[in-house]
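Enquirer: requesting a structural model of the entry that follows:
(2 chains)
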Amino acid sequence: MSYQAQLPDIVISAEDHRRLQNIAEAAIQSHSDVAEYLQEELDRATVCSTATDCAPGVRMGSYVEFRDDKTGRVRSVQLAYPADADPSNGRISVLTPIGAALIGLSEGQSIEWQTRSGGWKTLTVLKVSDRKNALGYLDV
Amino acid sequence: MLPALPEVFIPVSERMKLNAVVERANRWAHPVAYFLQSELRRARFCSVDALPPGTVVMNGWVSYCVDWEQPRNLKLVYPRDYTGAEEQLSLLSPLGAALIGLRAGDRMPFLTLDETFRLVTVMDAKPDAPTFAHRVHDGNAANDTDDPFDSGPHAA
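Expert: Next comes the predicted model:
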């Protein structure tokens, strides 16, 4: 195993952090591997609120363009709650290895993540956009 | 004294599908699960014929205003039918859960995921054309209705 020596700093809003905590706890029995990974990310994240004056990175509902650093392939996804996930429409659940890797990252940051088959991959976030969307995560 | 919440009317034929959405949302700790569940609990389930005119229904169109913003006209869809198209509104969103079952003229407060209270006013609501056609006429158009559970398996 080749863990990334230095994990990138991730920043999560207090609201997202609280909801993701609920999701990690709800899934700890049924999906323990990815729930544990999500929990680790939550534990090490910087939580921003109106008091801490920091901007969150990739949020729930964010559109993210990222590159698979091994293949060079670029993908665009929207980060979704598990109940809203629909890969055929580009909505990736935060309760997947790649979704949990993306939460809180900012443009330009890279992170190593472990695929379900056990291999390691590195992705780099190219673009994050929080446009209005009818899903209602970010706005009405 | 605060005004009472507007009544919620839902065709009984949607009940099982709506319960399935709530169950799935609860299982995965979706942030809108509790609000949608509480709206369904206070809803009056009735036959389509007994539905008051101008009621917001699934797969129907709704014109609404949030606070004092520009009016919008969107189609209320089940989460699994939500493709991200701009004219769609997912039921499993604060606004979608607030709108289901309301009637034209109703006002309903809801809490956004940014945790601010907003007020939605329903201006008009129309059922999807095929759903209405087979009610009004002889039932031959029944196969035209969208069944969100016909769309095959769905990944979590």
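Enquirer: report the rounded mean pLDDT for the lengthiest strand in chain B.
Expert: Counting residues, the longest strand found in chain B (DSSP state E) is strand B:117-126. Here strand B:117-126 scores 95 as its mean pLDDT.
Enquirer: if you count neighbours, what's buried in it?
Expert: B:118, B:120-123, B:125-126 (16 or more other CB atoms under 10 Å in any protein chain shown). To be clear about C-beta, it is placed using only N, CA and C from the backbone, and glycine gets the same treatment.
Enquirer: what would these look like in TSV with distance to chain A?
Expert: Listed next are the buried residues of strand B:117-126 as TSV, based on distance: CB to the nearest CB, whole Å:
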residue	distance to chain A
B:Arg118	6
B:Val120	8
B:Thr121	13
B:Val122	14
B:Met123	15
B:Ala125	16
B:Lys126	18
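Enquirer: list phi and psi for the spatially most central residue of chain A.
Expert: For chain A, the residue sitting closest to the mean C-alpha position, by CA atoms, centre = their mean, is A:Ile103 at 2.4 Å. A:Ile103 has phi and psi values of phi -60, psi 130 when expressed as degrees, to the nearest 10.
Enquirer: that one touches A:Val94, doesn't it?
Expert: Yes. Here A:Ile103 reaches A:Val94: they are 5.9 Å apart, a contact under CB atoms under 8 Å.
Enquirer: find the residues that touch each one of these two.
Expert: A:20, A:38, A:60, A:79 (CB atoms under 8 Å, 6 or more residues apart in numbering or on different chains).
Enquirer: nearest to chain B, of those?
Expert: Within the shared contacts of A:Ile103 and A:Val94, the smallest distance to chain B is 7.6 Å, found for A:Met60 (CB to the nearest CB).
Enquirer: what about that closest one, how many neighbours?
Expert: 26 (other CB atoms under 10 Å in any protein chain shown).
Enquirer: mind listing what it touches?
Expert: Contacts of A:Met60 (CB under 8 Å, 6+ apart): A:16, A:19-20, A:79-81, A:94, A:103, A:137, B:113.
Enquirer: what's in contact with stretch B:119-130?
Expert: Identification of contacts with stretch B:119-130 by CB under 8 Å, 6+ apart yields B:54-57, B:59-67, B:71, B:75, B:95, B:98-99, B:102-110, B:141, B:144-146.
Enquirer: I meant to write stretch A:43-56 there.
Expert: Under CB under 8 Å, 6+ apart, the answer for stretch A:43-56 is A:7, A:9-14, A:16-17, A:103-104.
Enquirer: buried ones only from those residues, please, as a PyMOL command.
Expert: Filtering these down to the buried ones (16+ other CB under 10 Å) takes a single PyMOL command:
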select buried, chain A and resi 10+11+12+13+16+17+103+104
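Enquirer: any chance of the contacts of stretch A:43-56 in JSON lines, plus secondary structure and distance to chain B?
Expert: Listed next are these as JSON lines, based on DSSP: H, G, I helix; E, B strand; the rest coil; distance: CB to the nearest CB, whole Å:
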{"residue": "A:Leu7", "secondary structure": "coil", "distance to chain B": "25"}
{"residue": "A:Asp9", "secondary structure": "coil", "distance to chain B": "23"}
{"residue": "A:Ile10", "secondary structure": "coil", "distance to chain B": "19"}
{"residue": "A:Val11", "secondary structure": "strand", "distance to chain B": "17"}
{"residue": "A:Ile12", "secondary structure": "strand", "distance to chain B": "14"}
{"residue": "A:Ser13", "secondary structure": "strand", "distance to chain B": "9"}
{"residue": "A:Ala14", "secondary structure": "helix", "distance to chain B": "9"}
{"residue": "A:Asp16", "secondary structure": "helix", "distance to chain B": "9"}
{"residue": "A:His17", "secondary structure": "helix", "distance to chain B": "12"}
{"residue": "A:Ile103", "secondary structure": "coil", "distance to chain B": "15"}
{"residue": "A:Gly104", "secondary structure": "coil", "distance to chain B": "17"}
